[in-house]
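In: Got a sequence here, can you build the structure:
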Amino acid sequence: MANTGSARAWLLAAAGNQAAVARHFVAVSTNLAATADFGIAPENVFAFWDWVGGRFSLWSAIGLPLALAIGFRHFEALLAGARAMDQHFRDASPTVNLPLTLALLELWNTNFLGAASHAVLPYSQSLELLPAYLQQLQMESLGKQVDRDGQPTDYATAPVLWGAAGTNGQHSFYQLLHQGGWLIPCDFIALKHADFPLAGHHCALLANCLAQSAALAFGRTAEETRASDTPEALVANKTFHGNQPSTTLLLERLDPHTLGRLIALYEHKVFCLGVLWHLNAFDQWGVELGKQLAASIAPQLDGSAQTAAFDGSTRGLIAALRR
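Out: Numbers count the residues shown, from 1 in each chain. I've put the predicted structure just below:
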């Protein structure tokens with residue numbers, strides 16, 4: 001809303017006419033009274049169901065900016081891909097059901113193997129923001145220790161989800177994956193066909209993806225290390241314990257239809273985990289307290305109110321910022 005207010009002020013400073021808001025703004029909202037008060041014409045408000053949570057909303061009218069960015073033909077292909085995964089999830093038997101399989105793997109890794117973290121590693125720079133997208137989808141949905149009946153759980157639920165594009169990660173945190181001593185399940189995502197036609201690049205990319213998953217799974221024993229003429233003093237450093245669980249998703253190519261299927265795959269995985277962990281995946285009470293406190297802190301920072309009864313740490317930080 002702060003961004004929207006700034007955009008409205010910028011427009012009015014240039015146009016000098018309140019009627020310009022109705023001509024230049026559209027809204028995606030369920031609050032028609034607020035959009036009218038803002039100055040947006042009723043016919044320029046795209047409605048959606050009030051039960052659509054933000055992290056599940058791109059398929060609704062909230063996908064309007066996406067449709068404008070990629071074109072409606074591609075947006076329809078994205079929707080069609082998601083629908084194909086919806087139908088697979090609904091109709092496929094449990095033994096070949098992809099979202100259920102991913103959910104059961106997560107359950108096993110979290111509750112039986114004790115994994116507290118999960119890495120998503122797309123070997124495509126075009127998917128570099130996918131881990132950040134999935135962070136909200138999974139951790140906002142499942143980051144809870146109170147079940148659907150309002151009772152505290154006595155088992156672990158959502159692991160911390162993180163990741164990066166594969167080749168960047170190889171030179172960053174893969175060292176920890178291989179030899180850091182933590183159990184960190186990984187999702188490798190690779191494309192059969194490159195989305196950029198650079199000769200020789202895609203083969204190397206796929207080779208690295210497959211090599212990393214194999215190395216994490218099987219490692220290298222001390223005997224194998226010695227057999228490669230490694231000096232004894234370095235044998236321990238060059239030994240890899242392996243036995244790190246991973247899943248590899250192979251996509252035909254990256255296009256809107258495939259991307260729709262991929263996002264819907266993870267959405268249904270989250271739903272399955274909500275059922276398995278007896279959590280409501282569609283609320284997010286944990287974000288509310290911070291919002292409420294922020295509304296109280298803002299007047300302290302701009303000097304419009306005196307420091308209220310916050311904790312000593314927060315009072316000290318406010319004072320330091322106001323000095």
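In: What ranges does this protein have for its strands?
Out: 27-28, 45-46, 117-122, 160-163, 186-191, 246-251 (DSSP state E).
In: all helices in the stretch 201-323 of the chain, in order from the N-terminus.
Out: Along the stretch 201-323 of the chain, counting by DSSP state H, counting those that start in this stretch, helices occupy 201-218, 222-227, 232-235, 256-276, 288-301, 312-322.
In: right, so of these, which gets closest to residue 130?
Out: Distances from residue 130 to each of the helices of the stretch 201-323 of the chain were compared by CB to CB, and the smallest falls on helix 256-276, at 7.9 Å. C-betas here are computed from N, CA, C, even on glycine.
In: So which residue is smack in the middle of this protein?
Out: Of all residues in the chain, the one closest to the mean position by CA atoms, centre = their mean is residue 134, 1.7 Å from it.
In: residue contacts, that residue?
Out: Residue 134 makes contacts with 120, 161, 163, 266, as judged by CB atoms under 8 Å, 6 or more residues apart in numbering.
In: what do you get if the cut-off is 10 Å, keeping everything else the same?
Out: When contacts are counted by CB atoms under 10 Å, 6 or more residues apart in numbering, residue 134 is found next to 55, 118, 120, 161-163, 187, 262-263, 266-267, 269-270.
In: which among those residues gets closest to residue 96?
Out: Taking CB to CB as the measure, residue 269 is the one of the contacts of residue 134 closest to residue 96, at 14.7 Å.
In: Show the model's pLDDT score for the closest one.
Out: Here, the pLDDT recorded for residue 269 equals 98.
In: which regions of the stretch 1-150 of the chain sit below the pLDDT cut-off?
Out: Residues of the stretch 1-150 of the chain meeting the criterion pLDDT under 70: none.
In: what about residue 113, distance to residue 120?
Out: Shown here: residue 113 relative to residue 120, a distance of 18 Å by CB to CB, to the nearest Å.
In: When these two are compared, which one has more neighbours?
Out: Comparing residue 113 with residue 120 by neighbour count (other CB atoms under 10 Å), the higher total belongs to residue 120, at 24 against 11.
In: Near the residue lying closest to that one once chain neighbours are set aside, how many other residues are there?
Out: The spatial neighbour of residue 120 that comes closest, neighbours along the chain excluded (CB to CB, 6 or more residues apart in numbering), is residue 163 at 3.7 Å. Neighbour count for residue 163, taken as other CB under 10 Å: 23.
In: so what's residue 163 up against?
Out: Under the criterion of CB under 10 Å, 6+ apart, the contact partners of residue 163 comprise 118-122, 127-128, 130-132, 134-135, 169, 173, 186-189.
In: Then residue 154?
Out: With contact taken as CB under 10 Å, 6+ apart, residue 154 is in contact with 145, 147.
In: Same check on residue 119?
Out: If you count contacts by CB under 10 Å, 6+ apart, residue 119 has them with 131, 159-164, 169, 173-174, 176-177, 184-188, 244, 246.
In: try it again with 7 Å
Out: By CB atoms under 7 Å, 6 or more residues apart in numbering, the contact list for residue 119 reads 162-163, 184, 186.
In: what do you get for residue 79?
Out: Residue 79 sits next to 59, 260 when contact means CB under 7 Å, 6+ apart.
In: Please repeat the previous calculation with a cut-off of 10 Å.
Out: Applying CB under 10 Å, 6+ apart, the residues near residue 79 are 58-59, 63, 67, 256-257, 260, 264.
In: Could you do residue 240 as well?
Out: 178-179, 215-216, 218-222, 224-225.
In: Check residue 283 too.
Out: Taking CB under 10 Å, 6+ apart, one finds 53, 140-141, 144, 146, 148 in contact with residue 283.
In: of those residues, buried ones?
Out: Those of the contacts of residue 283 that meet the buried threshold are 140-141, 144, 146, by 16 or more other CB atoms under 10 Å.
In: from the residues you listed, which ones fall inside helices?
Out: Members of the buried ones among the contacts of residue 283 lying in helices (criterion: DSSP state H): residue 141.
In: re earlier: state the pair within the contacts of residue 283 that is farthest apart.
Out: Comparing all pairs in these by CB to CB, the longest separation belongs to 53 and 146, at 17.5 Å.
In: one step back: PyMOL command for the buried members of the contacts of residue 163?
Out: Selecting only the buried entries of the contacts of residue 163 in PyMOL, with 16+ other CB under 10 Å as the criterion:
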select buried, resi 118+119+120+121+122+127+130+131+134+135+169+173+186+187+188+189
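In: Okay, now the unreliable bits of the stretch 201-323 of the chain?
Out: 307-308.
In: So which residues of the stretch 1-150 of the chain form helices?
Out: Residue ranges of the helices in the stretch 1-150 of the chain, as given by DSSP H, counting those that start in this stretch, are 2-15, 20-24, 32-38, 64-70, 72-91, 98-107, 130-135, 141-142.
In: Let me see the contact set for the closest residue to residue 80 other than its chain neighbours.
Out: Across the structure, with CB to CB, 6+ apart as the measure, the residue nearest residue 80 apart from its sequence neighbours is residue 257 (5.8 Å). When the contact criterion is CB under 10 Å, 6+ apart, the partners of residue 257 are 74, 76-84.
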